[in-house]
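S.K.: pasting the structure only:
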């Protein structure tokens, strides 16, 4: 039983060390102004080890310096999912959005994950309150207050999560221009064109097309290569 | 017959050519040679033939004719012939020589070429490592060979790892037709040779009074182990010769057709240099610097960092340049190591040779470094050690420390949050991208929200279920606390379940006393609940008083219980089962 655990732990450690080395190499490439190579390096780290705020942030920086504004915004937003109050991410995202001709969008004060943890914690506090009552057989005013406060916080967190749920469909336009069609075919004239970096919501998938909704409410069908979800499937 | 036809054709061509206006062109390659080398002079004459004595005498220059070729060109039915005369030009002393204009034709048809100038130098410039002298060719002797190989080395004694520039020269007499069948190779494994160019330089030289074409590879070799070895080089070539073995020729029985149809065979031949003794010295073990990595030669180093003014988190590029001559493949840098002031990355090396042998040039190490703290930061001196074969001792060079002004960044990164400095101005913040993070941070496997991840949902569902169970439990307890009858019924129900279990166990073990005690207790709890009396107060007398002659079964159970309790009577299992049925029915009836 111990041996498989040790092997798994050793493999995980090895992967972490390699990912760290790859991250350093990508940083070195960035420092040498080889931005495309740096971006490839950061993406390799993500494939190997998963997502982290610094890797996503540096990847976005590399894309920005390489002139790929859409991918830069995409990865800043991904980094912001994990660190919603990071000032450097907020600042760079603002810089890139302005360069792309897009309006600034204020970041949420709490991320979805933080709201989830808040809800989970309050649920735990409520459970602890019930356990306390079970043990002490007392249910005074303080106990009721404790349960009420936690229930209110839990409710607020659940409402916030519910309201933020549609953002799971949020995507960023990564193509330089993305023509949006009235139907999932390209033989018609596009009804409008999305610009690189523009945020959209994916409403429907039909074969090789996605129905997206822009911030101004316009809807059109685009090819999947034109946009990428902020939260990968 | 065939000869007559050919002669007629040539006569016609000559007649047509003679009628054309003559032209002359003179080319000289190269324009500059060293003393002992040769240049090639080509004189092309068209429209006029038979003027072979056109070369004037030039003091200090000797012209040796090496070949002649003819070309025929037909334009609108007029055939024009041109002839090229090739001469090797050698000089008797250094200087600048002018070959005057050459003249052909006469009268109105006379034409002249432009004069050409040949510069002959005494000797070349002396590089850091002495290249083989061109005068070595003077020592070359063909010994009657039509093709031979010659290795030119500046020294026969050198150190392990020392890069020695050499020239490999393949000589082919002008009348030999040959092709290379590979590159020169060392015949000893004690030496290694730098990469050779597939296209050697080509020149002409006079050896033993004969013109030779010389193919020259310039490279460098080094020894891998100490000792005395034989140094030789081999070169595979294909020599083209006429195949005289074919017979009979039949209808085309004429040597002309041998040439015309090219009955030529290629014969593989390996040219070898004369073995030369070489002594390879080991590198001395004394005074060997700790950072010595095997570099042998003569080098200088410089270091620079750019930009000189940066912000915390921005990378600078530290460049260490090693310039000189030697085995650059063993040149490595003592790179800047990470410290509290600098986060460093592995350097990248780039070598730019300044000679074809790859023994001279500049090796540049570029290392990215990121300052982690603001202020005037110093990149310490870097060192590089090598062995100088000329002075026969180790040498260590040091760079000067480099100062870099590091301003505080606009936003702190993950590794520099402890630095407290004034917040930068807003416009400054807006104008520049925040720098990269240095540490990779904590990884997560997915960006999907937690509330959509199964383990998180499961954890919270368990907590929710616990709360629900506790809530229901409290509600029930409160209800019981508010209603004594319900509480009594609940307690009675629990007690009856326990007694029934005891009874069943007693039937199995045929223990009548235990059975009837449990049966009476169960009935007492049921009757106590019904009559709102404590169970222990229910006796046979109480039952008789309240039953008004009914409830015979109850009475029988209580009577039997008294009897068994006092007498200790034992009953068979079947009887106990019978009484168990009666008690169960009574409990159901009274419920």
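M.R.: Yep, it's here. These numbers come from a predicted model, not from an experiment.
S.K.: Three-state assignment for the closest residue to residue B:488 other than its chain neighbours, please.
M.R.: Spatial nearest neighbour of residue B:488, excluding adjacent residues (Cβ to Cβ, 6 or more residues apart in numbering or on different chains): residue B:529 at 5.7 Å. Backbone N, C-alpha and C define where each C-beta goes, glycine included. In three-state terms, and counting by DSSP: H, G, I helix; E, B strand; the rest coil, residue B:529 is helix.
S.K.: Over to residue B:438?
M.R.: Applying three-state DSSP: residue B:438 is coil.
S.K.: thought it was touching residue B:371?
M.R.: No: counting by Cβ atoms under 8 Å, residue B:438 does not reach residue B:371; the two are 10.3 Å apart.
S.K.: Going along the chain, name the helices of chain A.
M.R.: Along chain A, counting by DSSP state H, helices occupy A:2-31, A:35-49, A:53-65, A:69-82, A:87-99, A:112-136, A:141-164.
S.K.: Kindly report the same for chain B.
M.R.: Counting by DSSP H, the helices of chain B are B:2-18, B:255-260, B:426-431, B:454-482, B:484-509, B:512-531, B:540-547, B:552-567, B:573-590.
S.K.: Of those helices, which stretch is the most buried?
M.R.: Highest mean neighbour count of those: helix B:512-531, a mean of 22 (counted as mean count of other Cβ atoms under 10 Å in any protein chain shown).
S.K.: can you give me the angle that one makes with helix B:552-567?
M.R.: 140 degrees (axes from the mean of the first three to the mean of the last three Cα atoms, to 10 degrees).
S.K.: Need the helices of chain B in CSV (columns: distance to residue B:324 and mean pLDDT).
M.R.: CSV is the format used below for the helices of chain B (distance: least, Cβ to Cβ, whole Å; pLDDT from 0 to 100):
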stretch, distance to residue B:324, mean pLDDT
helix B:2-18, 60, 43
helix B:255-260, 55, 48
helix B:426-431, 44, 42
helix B:454-482, 62, 86
helix B:484-509, 99, 89
helix B:512-531, 107, 90
helix B:540-547, 121, 81
helix B:552-567, 117, 87
helix B:573-590, 110, 90
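S.K.: quick one: which of these is nearest residue A:18?
M.R.: Checking the helices of chain B against residue A:18 by Cβ to Cβ gives helix B:454-482 as the closest, at 26.2 Å.
S.K.: picking that back up, output the helices of chain A in CSV, with mean neighbour count appended to each entry.
M.R.: Output for those, formatted as CSV (neighbours: other Cβ atoms under 10 Å in any protein chain shown):
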stretch, mean neighbour count
helix A:2-31, 15
helix A:35-49, 20
helix A:53-65, 26
helix A:69-82, 26
helix A:87-99, 20
helix A:112-136, 18
helix A:141-164, 14
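S.K.: Pull the contacting residues for the residue nearest to residue B:488.
M.R.: Residues near residue B:529 by Cβ atoms under 8 Å, 6 or more residues apart in numbering or on different chains: B:488, B:489, B:492.
S.K.: residue closest to the middle of the chain?
M.R.: This is for chain A. residue A:78 (3.3 Å; Cα atoms, centre = their mean).
S.K.: try chain B instead
M.R.: residue B:348 (11.3 Å).
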